[in-house]
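Visitor: Would you be able to build a 3D model of this:
(one chain, ligands or ions: 1)
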Amino acid sequence: MAERLLLVGFGNMGRALVSGWLAHGREAGAISVVDPNPDAREAAAALDIAASAGWPASVRDRDASPEVVLLAVKPARLDDVLQDYRALGERSLFLSVAAGKTIAKIAEVLGPEAAIVRAMPNTPAAIGRGVTALCANDRVTADQRAVCAALMEAIGSVEWLDDERLMDVVTAVSGSGPAYVLLLIECLAEAARELGLDPELAERFAVGTVAGTGLYAEQSDSGAAELRQQVTSPGGTTEAALEVLMSDGQLAELMSLAVRAAAKRSGELSSE
Ligand SMILES: NC(=O)c1ccc[n+]([C@@H]2O[C@H](COP(=O)([O-])OP(=O)(O)OC[C@H]3O[C@@H](n4cnc5c(N)ncnc54)[C@H](OP(=O)(O)O)[C@@H]3O)[C@@H](O)[C@H]2O)c1
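Guide: Presented below is the predicted three-dimensional model:
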């Protein structure tokens, strides 16, 4: 865990990553942060991490080049930000978490020799329970792939994709997925309130049910469909509800339409 890291952007995702790295034993002294926002730099300094407002003089020197430049700025800022790091294009590995920014777009600025990994994490990374898809170009070595996986495993689980086009699907499923699950919590709590449950109690039951069921599914050897069948007694309460949710494929159809819409939008954003 000795790679020198330059983290560009110390917002929500940058902080989740650093908190995971420190918790996994990475040394604060091996990390540098660049962020023009004074609050972000103050937050980094509080963790004993060197922070600067722009391209730090310390990494201009070839010997001090970071092994990894992790790009965690908003997608709209990435093109400008990349211009500052062109000189590192043939020296450092670039790992970008910017949604919708393809490897080809990043290589347009850094050059064809640049080793680039694109990552798509998701919001539960904030508590170390994200899922991240990774995709690399052919300049990335096996060792560099292992470094990227270790960096992203600090905020949850990691899966590699061979085909970058599938990033749009992953974005639609796990990237945007937390919002779908939050909507499910909202709907469940609202239904409970309509039937007379105290609003706060309704929220706690809804959140607890979704959180507990997610863990239950994760820790079980059975798939979700099998677990659902196991808890659905013939003629019981669960069956009565599932008949409403599943008659004529209602929820499945809606989810399919929703995920397709998100994947389509992800494709559009990637080609802008
Ligand atoms: N948050 C998530 O759950 C999540 C999930 C998947 C992917 N991502 C990706 O992660 C990236 C960051 O998202 P975020 O939610 O962490 O955004 P964020 O909270 O807005 O953080 C971005 C940080 O970068 C700073 N910044 C702006 N210009 C910069 C520059 N030239 N150099 C260095 N830093 C600069 C921003 O400062 P200012 O505030 O002053 O602009 C801010 O502190 C995005 O590309 C997003 O697509 C995030």
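Visitor: Where do the domain boundaries of this structure fall?
Guide: Structural domains assigned to the chain are 5-167, 175-270, following automatic domain parsing.
Visitor: Distance of E113 relative to A136?
Guide: Plainly put, E113 is 14 Å away from A136 if you go by CB to CB, to the nearest Å. (Each C-beta comes from the backbone N, C-alpha and C, glycine too.)
Visitor: neighbour-wise, which of those two wins?
Guide: For E113 and A136, the more surrounded residue by other CB atoms under 10 Å is A136, and the numbers stand at 23 against 10.
Visitor: Close to the ligand: what parts of the chain are there?
Guide: Residues of the chain found near the ligand, taking CB under 6 Å from any ligand atom as the criterion, are 8-14, 34-37, 40, 72-75, 77, 81, 97-99, 121-123, 175.
Visitor: Name only those of these that count as buried.
Guide: In the residues of the chain next to the ligand, burial by neighbour count holds for 8-10, 13-14, 34-35, 40, 72-73, 75, 81, 97-99, 121-123, 175, counting by 16 or more other CB atoms under 10 Å.
Visitor: Sort out for me which of these are in helices.
Guide: When these are checked against helices using DSSP state H, the ones located there are M13, G14, A40, P75, V81.
Visitor: Would you confirm that the last one contacts A72?
Guide: No - the criterion here is CB atoms under 8 Å, and V81 misses it with A72 at 10.0 Å.
Visitor: which residues do these two both contact?
Guide: V8, G9 (CB atoms under 8 Å, 6 or more residues apart in numbering).
Visitor: Neighbours of G25, how many?
Guide: The number of residues packed near G25 is 8, by other CB under 10 Å.
Visitor: now A150
Guide: Using other CB under 10 Å as the criterion, A150 is surrounded by 15 other residues.
Visitor: What are the phi and psi values at it?
Guide: Dihedral angles phi and psi of A150 (degrees, to the nearest 10) take the values phi -60, psi -40.
Visitor: now it: how far from G25?
Guide: With distances taken as CB to CB, A150 is found 11 Å from G25.
Visitor: what's the answer for S271, then?
Guide: Relative to G25, S271 is positioned 40 Å away (criterion: CB to CB).
Visitor: do the same with G267
Guide: Distance, G267 to G25, by CB to CB: 39 Å.
Visitor: show me where the stretch 151-272 of the chain has helices.
Guide: Secondary structure of the stretch 151-272 of the chain (DSSP state H, counting those that start in this stretch): helices at 167-170, 177-194, 199-219, 224-230, 237-246, 250-270.
Visitor: Could you single out the most deeply buried of those helices?
Guide: Compared across the helices of the stretch 151-272 of the chain, helix 167-170 shows the largest average neighbour count, a mean of 22 (mean count of other CB atoms under 10 Å).
Visitor: Output stretch 255-268 as CSV, nothing but the C-alphas.
Guide: Coordinates of the C-alpha atoms in stretch 255-268 are reproduced here as CSV (Å, rounded to 0.1, in the frame of the first residue of the first chain):
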residue,chain,number,x,y,z
MET,A,255,-38.3,-1.4,-13.5
SER,A,256,-37.3,-2.5,-17.0
LEU,A,257,-38.5,0.7,-18.5
ALA,A,258,-36.8,2.8,-15.8
VAL,A,259,-33.4,1.1,-16.1
ARG,A,260,-33.6,1.3,-19.9
ALA,A,261,-34.3,5.1,-19.7
ALA,A,262,-31.3,5.6,-17.4
ALA,A,263,-29.0,3.5,-19.6
LYS,A,264,-30.2,5.4,-22.7
ARG,A,265,-29.5,8.7,-20.9
SER,A,266,-26.1,7.5,-19.7
GLY,A,267,-25.2,6.7,-23.4
GLU,A,268,-26.4,10.1,-24.5
